[in-house]
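Participant: Got a predicted model here, sequence first, then my questions.
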Amino acid sequence: MSPVVETAQLFLGLHKVAWPAGFFVTSEHGTAMPAAWGHQGLPPRWGCACVAEAAPSLRPDAGSPPPWEVAQGPSWAAPVEEGLAGMWEEGCPPPPGEPSVGRGVSRPCLHDRGDPGAACPPFFSRRTPACFQSFSPKPPGGASLGPIWRLGWPVCNFMSHEKCLKHVRTPCTSVAPSLVRVAVAHCFGPRGLYKRKFCGVCRKVLEAPALRCEVCELHLHPDCVPFACSDCRQCHQDGHQDHDTHHHHWREGNLPSGARCEVCRKACGSSDVLAGVRCEWCGVQAHSVCSAALAPECGFGRLRSLVLPPACVRLLPGGFSKTQSFRIAEAAEPGEGGDGADGSAAAGPGRETPVAPESGKKTMKIFDGDDAVRRSQFRLITVPRLASAEEVLEAALRAHHIPEDPGHLELRPLPPSSQACDAWAGGKAESAVISEEGRSPGSGEATPEAWVIRALPRTQEVLKIYPGWLKVGVAYVSVRVTQQSTAQSVVLEVLPLLGRQAEGPESFQLVEVAMGCRHVQRTVLADEQPLLARLRDIRQVSVRQLSQTRFYVAESRNVAAHISLFVGGLPPGLAPEEYSSLLLEAVAAEATTVSVSHVYSSQGAVVLDVTCCAEAERLYTMLKGTAVRGRLLTALVLPDLLHARLPPDSRPLLVFVNPKSGGLKGRDLLCSFRKLLNPHQVFDLTNGGPLPGLHVFSQVPCFRVLVCGGDGTVGWVLGALEETRHRLACPEPSVAILPLGTGNDLGRVLRWGAGYSGEDPFSVLLSVDEADAVLMDRWTILLDAHEAGGAENGTADAEPPKIVQMSNYCGIGIDAELSLDFHQAREEEPGKFTSRLHNKGVYVRVGLQKISHSRGLHKEIRLQVERQEVELPSIEGLIFINIPSWGSGADLWGSDSDARFEKPRMDDGLLEVVGVTGVVHMGQVQGGLRSGIRIAQGSYFRVTLLKATPVQVDGEPWIQAPGHLIISAAGPKVHMLRKAKQKPRRPGTTRDARVDAAPAPEGDPR
């Protein structure tokens, strides 16, 4: 094997990858092998991660030294504490005949529970000739447990029985970035408490407030964020490494209780350790070793007809973050150094609070480069005072998860003064290094010593170059870089190795990709860029950053920039030219790169087509803080849907969530649906309303809608759907409801229940997929106050005519008055209205205050039905109902037959008019003791208000000035989805959501 080019092609799972350079040693037969394993002529598939499959004859060889030469570097195999016993205490059962003891290790491997060894990976580094040590701890008064192997990299927190070790497949934190197929950054929400979850980096349980990705199932401690790799789900094409075939996206651990392997049908989850893997698209769950038996292509599982495939979504990055691309409310950046006031982190990934060092030990602050010094982000280590320089350096590298050879690095002291720190950040400090005794000259005991990890000068390096196209026979090739090497010379050297020697080098370029956990940045290197100097600059900024940086040889192609920006909050009713002039005046939009592609005049919104990434980023930043005519603008980045690529049977689901509904449940549902579906099809209604989602789906030939909110939210979405119907390729999408409000009358009629109470979001999506389509009438209410009177001078301060849409009911009088009082109380103290039970209690209290109220509504209004005057009885409230549910499920019309009226239906084109005599009457209706006073039934109504009167439509109340209310049909009926009576089928491939809960109970009031 050539020492310059390593093209060993191996599989990790079913993805082609190459052996990590520098992580293996070479045997006498020229075969790369991990150092602690016996060699019998067969190379493993990927280190020792699946050695039992690739080479069944390979076994740990602890009794004799390995028959090959170790590359270089001292052993980092950690010493094992005496007396460690009870390996079975937290996961592994004791061997036959061995007693269980009360002592154990912090992270055992899951042994005999169906997932042998899905704990932490035994990947081997050059400085680790024996990554595992064999030891036979004896329980007090018991016999030996037999050989137990412990990973020498202590950050992994992994221990395993020897017989479990051969099944371990998960990569270690230090090498995980090298295994990422396509780098995709994560986007983290605010910190929260996540029970029974484990950190994806240090593998320890999440006890304190932690972070989770809003798009995938990655959970992290705050100070583990810098060490996580950019392996989030790829939800769209961005012009880099786009492909049509979609593979499984595996995430280890945090599986639900009762998870079963798709291959062997045995249990694969654990509440004690990270065990098992799950595809974050189709939800298939399996043991880590069993996942290799599954086909690599992902079919999106049971929800395939609802999911928007990533190959059908295109969004150029354009400098936007993940949270901006997915329209996620941006939380405070999780600190890379922890929670300290100075930005420091706890000592290592364990989140232990720094305490005074023991006698004979000292605490040191370790920075890994200029960026850490500027940000004052460090890691704390505790070492013996007489520790050697090598021991201190090794502890510093472990704290920062740096996989480089310690022989190429050194520690330099950080001057205490700010001027000296600035000089250090510029790389101009003195070349003092840590002394052999590990002590800093003149250091005091009051504050920890501060040191910076620096790289020693090198005359040459081995650099891995990845192909920028996916269909290639190797994962990468390694080339030697010297002081004379440039980006162009590396491209010339690499092309023949990748089988592209027939093509000219001018058609290719070298791209540097910084794979940060929260940001993935691509930079095209100039042809004359010296690569050795570039590597030195990266290490100067951060030594660890180099392990998260890749270099790609990519085809030189100019991807035309095309970014769509949605701008809301503009004055309604303007012409396209007026909107262009308004934006030019507000944010100085450049006419050469910005054009108005779509205008929604009635909603006061436009969509801008921007052909320059820098201009799009500038416009987005300026629009977010700009107010036009007293209203703040809303700016959103919208993707482009390639509807021609949708599968024939695809009917993607457009999800609208109101996070203010249902307390905090709406916010949790927003996150759950982003993970179960493509986040590009989930929209937050508090961020731009329903119009951005309808615009994105405007060219989809067939789609469905799920509205998560109360009756007012449903009416809002239905109104926007009515206004944009003529622009949609699917003019009549069916609408399902997940009720989050207080009354939820429409949700009750459509069998979605009285309210969401924590059901499994996956079961909700299954119910939507199996729901039945029904029709429902929509009604238009014209509010005309032109004929109002009563002013002193004989003229009226008339309001302009207004049109509102109605789906459920319209109330005039006492019903609307109670809704108005409740609405005002919620506006004053919104933080108290987070419980459905509390909201109903407020309704009761408001009703008791009005129990003696009497205004004689029948004397203040006039009613015409089908242009015929109708005499009203003595009532306090007049209610027009379209559905057989009112006031949280009450049947206001009643079930008694009446020859004067037809049996009510929500699709019969008729409204029922009912009266109530007061609060007591309303309470009796709520309790099922009485029904309302039937007054009329028809399709056209005219109500004359003689005085200002409370009015409410679908739960939205206001005071209406004297005038007319004209109620008529709103045109085409809307298509709704009614939950099927039978429970959703339980498919063979279960897709667990975030909670273990039963499906929602069916609530059919009729």
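Facilitator: Nice, I can see it.

Participant: Domain ranges for this structure, per the record?
Facilitator: The chain breaks down by the TED database into domains covering 154-303, 460-555, 563-638, 641-770, 780-787+800-978.

Participant: Let me have those in a markdown table, extended by mean pLDDT.
Facilitator: Listed next are those as a markdown table, based on pLDDT from 0 to 100:
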| stretch | mean pLDDT |
| --- | --- |
| domain 154-303 | 84 |
| domain 460-555 | 88 |
| domain 563-638 | 88 |
| domain 641-770 | 91 |
| domain 780-787+800-978 | 86 |
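
Participant: Tabulate those domains (TSV), appending mean neighbour count and distance to Glu410.
Facilitator: Yep, even glycine has a C-beta here, placed from its N, CA and C like the rest. Converted to TSV, these look like this (neighbours: other CB atoms under 10 Å; distance: least, CB to CB, whole Å):
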stretch	mean neighbour count	distance to Glu410
domain 154-303	21	19
domain 460-555	18	11
domain 563-638	17	40
domain 641-770	22	44
domain 780-787+800-978	18	54
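
Participant: which one of the ones you listed lies closest to Ala399?
Facilitator: For the domains of the chain, the distance to Ala399 is smallest for domain 154-303, at 8.5 Å, taking CB to CB.

Participant: how far out from the middle of the chain is the closest one?
Facilitator: Put simply, domain 154-303 sits 13 Å off its chain's centre (CA atoms, centre = their mean, to the nearest Å).

Participant: And for stretch 850-869?
Facilitator: The answer for stretch 850-869 is 52 Å, by CA atoms, centre = their mean.

Participant: All the helices of the stretch 201-350 of the chain, in order from the start?
Facilitator: Shown for the stretch 201-350 of the chain, the helices assigned by DSSP state H, counting those that start in this stretch span residues 322-325.

Participant: follow-up on the earlier one: export the domains of the chain to CSV and tack on distance to Asp370?
Facilitator: Output for the domains of the chain, formatted as CSV (distance: least, CB to CB, whole Å):
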stretch, distance to Asp370
domain 154-303, 15
domain 460-555, 5
domain 563-638, 26
domain 641-770, 35
domain 780-787+800-978, 44
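
Participant: measure the closest residue to Leu632 other than its chain neighbours to Tyr579 for me?
Facilitator: The shortest distance from Leu632 to any non-neighbouring residue, by CB to CB, 6 or more residues apart in numbering, is to Gly569 (5.9 Å). Distance, Gly569 to Tyr579, by CB to CB, to the nearest Å: 12 Å.

Participant: How is His493 assigned, secondary-structure-wise?
Facilitator: Heads up, residue 493 is Glu, not His. Three-state call for Glu493 (DSSP: H, G, I helix; E, B strand; the rest coil): helix.

Participant: how much space between it and Leu510?
Facilitator: Distance of Glu493 to Leu510, given as CB to CB: 11 Å.

Participant: same thing with Gly963?
Facilitator: 72 Å.

Participant: One more: Asn687?
Facilitator: Counting by CB to CB, the gap from Asn687 to Leu510 is 39 Å.

Participant: what does Ala292 give?
Facilitator: Counting by CB to CB - Ala292 and Leu510 are separated by 33 Å.

Participant: now Thr780
Facilitator: Distance of Thr780 to Leu510, computed by CB to CB: 62 Å.

Participant: now Cys213
Facilitator: 30 Å.

Participant: Also Leu783?
Facilitator: Taken as CB to CB, the span from Leu783 to Leu510 is 65 Å.

Participant: try Gly741
Facilitator: Applying CB to CB, the value for Gly741 to Leu510 is 56 Å.

Participant: what's the closest non-adjacent residue to Lys903?
Facilitator: That would be Ser897: by CB to CB, 6+ apart, it lies 7.8 Å from Lys903.

Participant: So the one you found, which state does it fall into?
Facilitator: Ser897 is classified as coil under three-state DSSP.

Participant: now swap in Ala372 and tell me
Facilitator: helix.

Participant: Can we start the residue count at 24 from this point?
Facilitator: Yep, numbering from 24; the last one is Ala395 now.

Participant: wait, it sits on Lys388?
Facilitator: No: using CB atoms under 8 Å, Ala395 is not in contact with Lys388, being 9.8 Å away.

Participant: Same drill for the two, tell me which one is more crowded.
Facilitator: The neighbour count for Ala395 versus Lys388, taken as other CB atoms under 10 Å, is higher for Ala395 (26 against 20).

Participant: Now do that one, the pLDDT please.
Facilitator: For Ala395, the pLDDT comes out at 90.

Participant: Relative to Val936, how far out is it?
Facilitator: Look at Ala395 and Val936: by CB to CB, they are 72 Å apart.

Participant: can you map out the helices along the stretch 524-673 of the chain?
Facilitator: Counting by DSSP H, counting those that start in this stretch, the stretch 524-673 of the chain has these helices, from start to end: 554-564, 599-610, 636-647.

Participant: These into a markdown table, with extra columns for distance to Glu320?
Facilitator: As requested, these are exported to a markdown table (distance: least, CB to CB, whole Å):
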| stretch | distance to Glu320 |
| --- | --- |
| helix 554-564 | 36 |
| helix 599-610 | 45 |
| helix 636-647 | 32 |
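
Participant: Which of those sits closest to Arg957?
Facilitator: helix 599-610 (49.7 Å).

Participant: Check which helices and strands the closest one sits against.
Facilitator: Judged by 3 or more CB pairs under 8 Å, 6 or more residues apart in numbering; DSSP states H and E, helix 599-610 is in contact with strand 617-623, strand 628-633, helix 636-647.

Participant: Confirm for me that Arg325 is in contact with Leu699.
Facilitator: No: using CB under 8 Å as the test, Arg325 is too far from Leu699 to be in contact (10.4 Å).

Participant: residue ranges of the strands in the stretch 574-723 of the chain, please?
Facilitator: Along the stretch 574-723 of the chain, the segments classed as strands by DSSP state E, counting those that start in this stretch run 586-591, 617-623, 628-633, 650-651, 654-655, 657-661, 663-664, 676-680, 705-707.

Participant: how about the ones you listed, which one is nearest Trp273?
Facilitator: strand 705-707 (22.4 Å).

Participant: Secondary structure of Arg965: a strand, I assume?
Facilitator: Yes: assessed with three-state DSSP, Arg965 lies in a strand.

Participant: Now it: closest residue in space, sequence neighbours ignored.
Facilitator: Gln887 (4.1 Å).

Participant: Checking that neighbour next. Helix, strand or coil?
Facilitator: Under three-state DSSP, Gln887 comes out as strand.

Participant: For it, give me its contacts.
Facilitator: Val893, Phe964, Arg965, Val966, Thr967 (CB atoms under 8 Å, 6 or more residues apart in numbering).

Participant: what sits against the first one?
Facilitator: What it means is Val893. With CB under 8 Å, 6+ apart, Val893 has these contacts: Leu886, Gln887, Val936, Ile958, Ala959.

Participant: any idea which helix or strand comes after the helix or strand hosting Gly735?
Facilitator: Per DSSP states H and E: Gly735 is located in helix 734-746. Of the helices and strands lying after helix 734-746 in sequence (DSSP H and E), the nearest is strand 758-762.

Participant: same for whichever helix or strand comes after that following strand, what does it pack against?
Facilitator: Using DSSP H and E, the helix or strand that follows strand 758-762 in sequence is helix 768-772. Packing contacts for helix 768-772, counted by 3+ CB pairs under 8 Å, 6+ apart, involve helix 734-746, strand 758-762.

Participant: for the shortest one, the distance to its chain's centre please.
Facilitator: If I follow you right, that is strand 758-762. Distance, centroid of strand 758-762 to centroid of chain: 22 Å (CA atoms, centre = their mean).

Participant: Then the first one?
Facilitator: A distance of 26 Å separates the C-alpha centroid of helix 734-746 from that of its chain, computed with CA atoms, centre = their mean.
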